[in-house]
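Peer 1: Quick one: sequence and predicted model below, then my questions.
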Amino acid sequence: MKHFTQILFISVFVAGAGNAQKQAPEIRFDSVPNALQLPAGLYLGEVGGVATNSRGDIFVYTRTGHPTISIGTARPFAHGGSRLFQFDRDGKFVREIGKNSYGFMFAAQVRIDPQDNIWVVDQMTNMVMKFDPQDRVLMLLGRKAEAVPVPAREAGTKDGAGQPTDLFERPTDVAWDAAGNIFVADGLSNARIAKFTKDGKFVKSWGKKGTGSGEFSNVRSIAVDAQGNVYAADGGNKRIQVFDGDGNFKTAFTDIGNAQALCLTKGASPVLYVSNSNPPDDIDRDGEIYRMRLDGTITGKFGRAGKLLKEFGTVNAIDCRTENTLYVGEIGNLRVQKLVLH
């Protein structure tokens, strides 16, 4: 009887999660056509990140370029492959930042901090780079290897916990708390969150591969609220996990599908946007974006997988500086959409 009761409880819980998704009210929205105007001959590739600053300028970190690797020596060296573009608030192209940078190879994310500094996360160089608004490099976290093994060797530790330092294995995102502490999602080869002081000194990390509380299949995206709680998109386990600023597990939200991109608004009543991103090999599945309160309650959803405007192809980034105006970066559709919610 006890075993039967447990099975019944799990069945009801799973059904309840599915119903929460189905019953979420549809949010009316529009996608602004041609929201970004690129110069002739310049194109976006897979969009790893999109973010805005306090003036409304738009930054896009995209897998666009010509990656090369030298293999004729004992120290194969890889470079190129991603570029960082800036647009003004009207979507007009302004400039390229960090062209030919040693740290740009495979775009993972771009974020803008409260001081309008630009943070770039690169999955292949294993680096997080901080630029000031004048494009000067202020801080580097992680380290790009001087050479890469060809063929590639298995990366990361067996349990995905990583080294207890600022060395990363395919990082995916960065966020900050009110005190300026830095949180890095070291999320693909490793499955952890690393914490640093505002000056870049490593403090601690938590997480490893697994399905239990505090464990991750991967950490695709993170966000930090005004109280310092850390929200981690554990897409492979189809949940968001919530921790305090020291990594202590608090709760999990399990009714949002494949959580790949998070964005948390500011203000007295913040909301969390999360993308149930469709996998790159199935463009007809999932794709919707959910709006949630910080207690995990879903208050609405919008969009679906597809190629047209108002449809999404593997969303990897959401910017929500304004609650009802979002910028969404897509890997599958090679674009950024500007969305206006009604």
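Peer 2: Ah, there it is.

Peer 1: what residues are up against the closest residue to residue 145 other than its chain neighbours?
Peer 2: Excluding the flanking residues, the one nearest residue 145 by CB to CB, 6 or more residues apart in numbering is residue 126, at 7.6 Å. Every residue, glycine included, has its C-beta placed from N, CA and C. Residues in contact with residue 126 (CB atoms under 8 Å, 6 or more residues apart in numbering) are 142, 143, 144, 145, 167, 168, 169, 170, 171.

Peer 1: Can you lay out these as a markdown table showing distance to residue 282?
Peer 2: Below are the contacts of residue 126 laid out as a markdown table (distance: CB to CB, whole Å):
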| residue | distance to residue 282 |
| --- | --- |
| 142 | 32 |
| 143 | 35 |
| 144 | 33 |
| 145 | 33 |
| 167 | 34 |
| 168 | 29 |
| 169 | 27 |
| 170 | 22 |
| 171 | 26 |
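
Peer 1: Now, of those residues, which are buried?
Peer 2: Neighbour-count burial (16 or more other CB atoms under 10 Å) applied to the contacts of residue 126 gives 142, 144, 167, 168, 169, 170, 171.

Peer 1: min pLDDT across these, which one?
Peer 2: On pLDDT alone, residue 144 ranks lowest of the buried ones among the contacts of residue 126, at 90.

Peer 1: sec struct for that residue, please.
Peer 2: coil (DSSP: H, G, I helix; E, B strand; the rest coil).

Peer 1: Hmm, residue 101 and it touching each other?
Peer 2: No - under the criterion of CB atoms under 8 Å, residue 144 is not in contact with residue 101, lying 10.4 Å apart.

Peer 1: Please identify every residue contacting each of these two.
Peer 2: Residues touching both residue 144 and residue 101 (CB under 8 Å, 6+ apart): there are none.

Peer 1: one step back: list just the nearest of the buried ones among the contacts of residue 126 to residue 339.
Peer 2: Comparing the buried ones among the contacts of residue 126 against residue 339 with CB to CB places residue 171 closest, at 26.7 Å.

Peer 1: Look up the closest residue to that closest one, ignoring the ones flanking it.
Peer 2: residue 186 (5.0 Å).

Peer 1: quick one: the one you found and residue 202 touch, right?
Peer 2: No - using CB under 8 Å as the test, residue 186 is too far from residue 202 to be in contact (11.4 Å).

Peer 1: Compare the two and say which is more crowded by neighbours.
Peer 2: More neighbours surround residue 186 than the other of residue 186 and residue 202, with 30 against 17 (other CB atoms under 10 Å).

Peer 1: circling back: ok, the contacts of residue 126 vs residue 253, which is closest?
Peer 2: For the contacts of residue 126, the nearest to residue 253 is residue 171 (22.9 Å; CB to CB).
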